[in-house]
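> The following comprises the amino acid sequence and a computationally predicted model.
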Amino acid sequence: QSSSASKKCHCQEINFLFIVFDSILLLSLGLGTMGQGIVTSLVKANIPVVALEQNLEYLNKGRKAVMLLLEREAMKMEEGAQTLDFHNPARLQFTVDFDLMRDVDLVIEAVFENMALKKEIFHKLSKICKPGALLCTNTSALNIDEIASATSRPQQVIGTHFFSPAHVMRLLEIIYGRHTSPTAIATAMQLAKALKKVGVVVGNCFGFVGNRMMFPYVQQAVFLLEEGNFGFKIGP
Ligand SMILES: CCCCCCCCCCCCC[C@H](O)CC(=O)SCCNC(=O)CCNC(=O)[C@H](O)C(C)(C)COP(=O)(O)OP(=O)(O)OC[C@H]1O[C@@H](n2cnc3c(N)ncnc32)[C@H](O)[C@@H]1OP(=O)(O)O
Ligand SMILES: NC(=O)c1ccc[n+]([C@@H]2O[C@H](COP(=O)([O-])OP(=O)(O)OC[C@H]3O[C@@H](n4cnc5c(N)ncnc54)[C@H](O)[C@@H]3O)[C@@H](O)[C@H]2O)c1
C-alpha cells in the first residue's frame, strides 16, 4: 500500500497555486473532541466555517465547548491587542442541516473512527458538495483509498490528520491516496500554513507516520503491564 502510494506524489508539478482561505467556506463535520479543536483553529485563522453535527444534542454540546475554547483564545488575543470575531454567523455557524454542505469549498470530516460511517459520509459528500470541493478526513489510521472509493472524485479526497488538542498541537499529517491530485495536496499544505501548523505530507498506510509509531509503543507498554512489569530496573 505505502510503496505504490509513494510513487504518486507529484508536489513538484505544482507551479502556481494561490488560495485565499479567508474567503472560502469550510465545513467541519462532527463536533466531538477533534471537531471542536479544528473549528477553533479555523476561526482563529479567520476562515469562515460551518460546523455540522448529527443531531441537536451533540450540536449543542459541541457548540458550548467550542465557544468556551474561543472565549479563552479571544482573551489571549486581546492581551496582544487583537480581536477574534466568533459571534458573527457569517464567520461561524452551527447546524444539523446537511444541505449547507452544498456551498462549502472544503470539508474536514471528524466523525467516529468507523470505516462504514466514513464511507457513508463521503458518498453523501460526493453527491451534495459542489464539484470543486476538497474532501478531507481526519481519520487516525484508516485507509484513505477505501474512504475515497465511496466518492466519484477520489482525486479530491485527502487525509488531514490533526493531533489532539487540535487547536494547540501544530503537527498536521497530510495523507495522499492513490488518486489524490497534486492540487489537493498543495491545498492541504496551504491550509496547514493558514492555520499556523506544520504540514507534513505522508503516504497512505495503517496509522500513517504518527500512529504507526505510537501504536506499537503503546502496545509494548500494555504488554509490560500484563507481564507485571511496572517499570524497568535501573542499576546493578
Ligand atoms: C493493544 C494496542 C492498542 C494500541 C492502542 C493505541 C491507542 C492510541 C489511541 C490513538 C488515538 C488516536 C491518536 C490520534 O490519532 C493522534 C493524536 O492526537 S495523539 C495525541 C497527541 N497529543 C499529545 O501528545 C498532546 C500531549 N499534551 C501535550 O503535549 C501538552 O499537554 C500540550 C497540549 C502541548 C499543552 O501543554 P503545555 O504547552 O505545557 O501547556 P498547558 O498545559 O498550559 O496547555 C496550554 C493550553 O492548551 C490547553 N489544553 C491542554 N491540553 C488540552 C486538551 N487535552 N484539551 C483541550 N485543551 C487542552 C490548556 O487548557 C491550555 O489552554 P489555556 O489555559 O492556555 O487556554
Ligand atoms: N481524539 C483524538 O485524540 C484524535 C486525534 C486525531 C484524530 N482523531 C480522529 O478524529 C475523528 C474524530 O475523533 P473524535 O475523538 O473527535 O471523536 P468524538 O467521538 O469525540 O466525536 C465524533 C463526533 O462525530 C459526530 N458524528 C457522528 N456521526 C456523525 C454524522 N453522521 N454527522 C455528523 N456528525 C457525526 C458525533 O456526534 C461526535 O460528536 C476520528 O476519526 C478519530 O480517529 C482523533
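Alright, I've got the coordinates. Ligands and ions are numbered 1, 2, ... in the order given.
> Which of the helices or strands spans the closest residue to Thr180 other than its chain neighbours?
Excluding its sequence neighbours, the residue lying closest to Thr180 (CB to CB, 6 or more residues apart in numbering) is Ile158, at 5.1 Å. To be clear about C-beta, it is placed using only N, CA and C from the backbone, and glycine gets the same treatment. Assigned by DSSP states H and E, Ile158 falls within strand 157-162.
> List the neighbouring strands of the helix or strand immediately after that strand in the chain plus their orientation.
Next helix or strand after strand 157-162 toward the C-terminus (DSSP H and E): strand 171-176. Sheet pairing here is set by DSSP bridges, and for strand 171-176 it gives strand 157-162 (antiparallel), strand 198-202 (parallel).
> For those strands, give me CSV that also has mean neighbour count and mean pLDDT.
Below are these laid out as CSV (neighbours: other CB atoms under 10 Å; pLDDT from 0 to 100):
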stretch, mean neighbour count, mean pLDDT
strand 157-162, 26, 98
strand 198-202, 17, 98
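> so which of those strands comes closest to Arg72?
Arg72 lies closest to strand 157-162 among those, at 18.3 Å (CB to CB).
> list the contacts for the residue nearest to Thr180?
134-137, 144, 174-177, 180, 184-185, 188 (CB atoms under 8 Å, 6 or more residues apart in numbering).
> Quick one: residues contacting the closest residue to ligand 2 within the chain.
Closest contact between the chain and ligand 2, by CB to the nearest ligand atom, is at Gly32 (1.8 Å). Applying CB under 8 Å, 6+ apart to Gly32 gives the contacts 58, 62, 110-112.
> From Leu195, how far off is Ser164?
For Ser164, the distance to Leu195 equals 15 Å [CB to CB, to the nearest Å].
> can you check Ser41 too?
From Ser41 to Leu195 the distance is 5 Å (CB to CB).
> Please say which of the two ends up with more neighbours.
Ser41 (27 against 22; other CB atoms under 10 Å).
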